[in-house]
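>>> prediction below, plus the sequence it came from.
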Amino acid sequence: MKRLFTISGVFMLLLLSQNTFAQEKQSEDKIDYKSDEVKRNSKEKTIILQGNVVLKTKNISLGNAERVTIDEKNNKVTIYNPKDFKILYAKTVSKTGGSNKNIIVYNTKEESITFQ
């Protein structure tokens with residue numbers, strides 16, 4: 001009888017330890033991009049894409065933007081004058097004051113899009 005409890009105790013321990021030690025799924029948004037010019041600043045953790053920028057994530061896609069700034073530290077992608085912008089998914093979409101600027105800010109962590 002003691003052996004049965006020992007075996008079932010070890011089995012339960014193994015069953016529960018799998019969930020405890022399993023790696024957490026990465027929720028980071030992978031960003032694929034292409035542009036005429038790429039400037040990376042490792043210290044500031046930014047990437048500046050200029051000229052015919054094409055960008056795709058799991059939530060947005062765009063083509064032929066003038067410029068895109070990817071701020072990895074603050075989880076923000078700022079898009080300037082995109083010609084073909086598509087929202088595939090967003091938790092929130094908002095528009096700030098009546099500016100005529102064609103700037104879109106995408107927050108990768110919050111999955112929010114702000115038109116400025």
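Okay, I see it. Numbering: from 1, shown residues only.
>>> so the closest residue to residue 38 other than its chain neighbours is in which element?
Using Cβ to Cβ, 6 or more residues apart in numbering and skipping the chain neighbours, the partner closest in space to residue 38 is residue 49 (5.8 Å). The way it works is simple: take the backbone N, C-alpha and C, and place the C-beta from them, glycine included. According to DSSP states H and E, residue 49 maps onto strand 46-56.
>>> count of neighbours near the residue nearest to residue 114 when sequence neighbours are not counted?
Excluding its sequence neighbours, the residue lying closest to residue 114 (Cβ to Cβ, 6+ apart) is residue 105, at 4.5 Å. Neighbour count of residue 105, defined by other Cβ atoms under 10 Å: 17.
>>> now residue 12, what's its secondary structure?
helix (DSSP: H, G, I helix; E, B strand; the rest coil).
>>> quick one: it and residue 105, what's the gap?
Taking Cβ to Cβ, to the nearest Å as the measure, residue 12 falls 49 Å from residue 105.
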